[in-house]
Each structure stands twice: as C-alpha cells, then as structure tokens.
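Colleague: below are the sequence and a predicted model; questions follow.
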Amino acid sequence: MLAGMSTDYYTRLEQARGPHPSTQVLASIARALRLTDDQRDHLYLLSGQVPPMRAAGNKHVGPGLLHLLDKLDDTPGCVISDLGEVLVQNRMHVILFGDASRYSGLDRYVPWRWFAHTGERGMFPEDDHERLAGNHVADLRATAARRAGDADVTELVDRLYESSAEFAALWDRHDVAVRRSDTKTVLHAEVGRIDLVCETLLTPSAYQHLLVYMPQPGSDARARLDLLRVIGTQQMV
C-alpha cells in the first residue's frame, strides 16, 4: 500500500469505485506524499490514468547513489548524467579532476568540453585521445537513441556537430555504446601518471551513472592516489 494513503481510499482506487481523480489531483497527491517514481506510476495506474513520462533531465541524485558515493573515501567517484554532466563528486574526485560546479552552460557537459575546448585533453596521454573521443561520441549516441526528440540532447548534439569536425566525423560513424568498464590514464600535475580502471554503475533508468575510478592492478596508482589525497587535504585546510 502507498505510504500515507488511507486503506479505504486505496481500496476504492484499486476496485475502481467512485470517480477517477484527475491527473492534476494525482500529481498533487504524489508530491504531498513524496512518492518515488514507481509509487507514483502505481497510483496513476490504480486511478485509470496513464503515468507521466519520467523526466530524463532530472538532476536529483537519489539517496542510494549518494550513500554509495560517501563510502568511497579513498577512491575518486562521481554521479554523472547520461549527457555527461557531473551532478555530484566525492572529495577524491574533486582533488583529481577539479570542482565541476565551476562550469555553466554547455561547459557543464564533458563531451562539449572535450571537443570544444581541446585544452581539456591535457590530463590524458595524447596517444589515447582518439579512443577517448570515440567513447564520448558512442556514449552520447546511445543517449540520443534512448532519449529521441529530447531538447537537451538535440541541442548538445547539434552544437557539437556544428562546432567540431572531429565530432561530426565520429558521429557519422554511428557507433553506439554505453561504457560500463574502461581504462583511463590521468596525467596529474602534482603526482604524475595515474593508471585507473573506471567502472560505471547505471541507475535503472540509465539517466544517471555512478563512476568509480580504481587503481589498475599492477600499477602504482594506489600509492599515487594516497599521495594526492594527502596533498588535497593539505590544500583544503
């Protein structure tokens, strides 16, 4: 049963007795009871209404993802949207990559910065740029397929296509892939080369991803991350 709803009212909805509430009334009930998306959809279906489309651009990060991120004390991690906007970072991710909250407009999106501001690539080895560029485009094309007609997706893709010949060429290859595991080498100004494995955990809707950057086995990345953690802590004091 939906939390906060009387047994009698719930039973009348379930048995289709009495007048059907309007979508406006149902939306008000869902907000007042702070229902999850699944609970809200169930309420609409009980009332004989079609549930509203789930917002693809929702930037609210759920408590489950935040809890997982909090547990990554010595490991860089962030929650990122399917368009490549970093929504929340843990402290190690800020120390490694910088504070993403400083970006605005299209600069919020990692693919935009990669293709429109090529200086952003300096943190990665030059011989890896082609592979990483292809990954960004294949990931974005998967999002475009899943969110066909979405205004935010259309704007980002159109602007990238107009401003970057490299992006346009890669986009026209029609490669589609959501990366769930990847290797990344970061060239940090203070601790040098850090070889990482990036694991991606998708939310059920796939609109948000939890990225976790772990040391590559056999590398000295763990020691470099530990040193970076100490340096970052001293800088924040």
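Modeller: Received, thanks.

Colleague: what ranges does the protein have for its strands?
Modeller: Using DSSP state E, the strands of the chain run over residues 77-81, 86-89, 181-188, 192-202, 208-215.

Colleague: so where's the protein uncertain?
Modeller: 1-19, 31, 34, 37-38, 52-58, 204, 233-237 (pLDDT under 70).

Colleague: 50 instead?
Modeller: Counting by pLDDT under 50, the chain has low-confidence residues at 1-3.

Colleague: measure the nearest residue to residue 110 once chain neighbours are set aside to residue 229 for me?
Modeller: If the residues on either side of it in the chain are set aside, residue 110 comes closest to residue 84, at 3.8 Å by C-beta to C-beta, 6 or more residues apart in numbering. Where you see a C-beta, it was placed from the backbone N, CA and C, and this is true even at glycine. According to C-beta to C-beta, to the nearest Å, residue 84 and residue 229 sit 26 Å apart.

Colleague: got it, and residue 99?
Modeller: As judged by C-beta to C-beta, residue 99 and residue 229 stand 16 Å apart.

Colleague: who has more neighbours, the two?
Modeller: residue 229 (19 against 11; other C-beta atoms under 10 Å).

Colleague: returning to that earlier point: and the residue nearest to residue 110, how many neighbours?
Modeller: Neighbour tally, residue 84, other C-beta under 10 Å: 19.

Colleague: ok, residue 48 touching residue 20?
Modeller: Yes - assessed by C-beta atoms under 8 Å, residue 48 is found in contact with residue 20 at 4.9 Å.

Colleague: which of the two has more residues huddled nearby?
Modeller: Using other C-beta under 10 Å as the criterion, residue 48 and residue 20 rank with residue 20 on top: 13 against 10.

Colleague: in the chain, where's the longest helix?
Modeller: helix 129-146 (DSSP state H).

Colleague: what helices or strands is that one leaning on?
Modeller: helix 110-116, helix 151-163, helix 165-171 (3 or more C-beta pairs under 8 Å, 6 or more residues apart in numbering; DSSP states H and E).

Colleague: highest mean neighbour count out of those?
Modeller: helix 110-116 (a mean of 22; mean count of other C-beta atoms under 10 Å).

Colleague: any idea how far that one is from the chain center?
Modeller: Remark: helix 110-116 is offset 15 Å from the chain centroid, using C-alpha atoms, centre = their mean, to the nearest Å.

Colleague: got the CA positions of it in PDB?
Modeller: Taking Å, rounded to 0.1, in the frame of the first residue of the first chain, the C-alpha atoms of helix 110-116 are listed here in PDB:
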ATOM      1  CA  VAL A 110      32.100  16.600 -20.500                       C
ATOM      2  CA  PRO A 111      31.700  15.800 -24.300                       C
ATOM      3  CA  TRP A 112      31.300  19.500 -25.000                       C
ATOM      4  CA  ARG A 113      34.500  20.400 -23.200                       C
ATOM      5  CA  TRP A 114      36.300  17.500 -24.800                       C
ATOM      6  CA  PHE A 115      35.500  18.700 -28.400                       C
ATOM      7  CA  ALA A 116      35.000  22.400 -28.000                       C
END
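
Colleague: which other helices and strands contact that helix?
Modeller: Helices and strands touching helix 110-116, by 3+ C-beta pairs under 8 Å, 6+ apart, are helix 129-146, helix 151-163, helix 165-171.

Colleague: quick one, what contacts residue 183?
Modeller: 195, 196, 197, 198, 216 (C-beta atoms under 8 Å, 6 or more residues apart in numbering).

Colleague: leaving out sequence neighbours, find the closest residue to the fourth one.
Modeller: In space, not counting the residues next to it along the chain, residue 198 is nearest to residue 182; the distance is 4.7 Å by C-beta to C-beta, 6+ apart.

Colleague: okay, how far is it across stretch 102-110, tip to tip?
Modeller: One end of stretch 102-110 sits 13 Å from the other (C-alpha to C-alpha, to the nearest Å).
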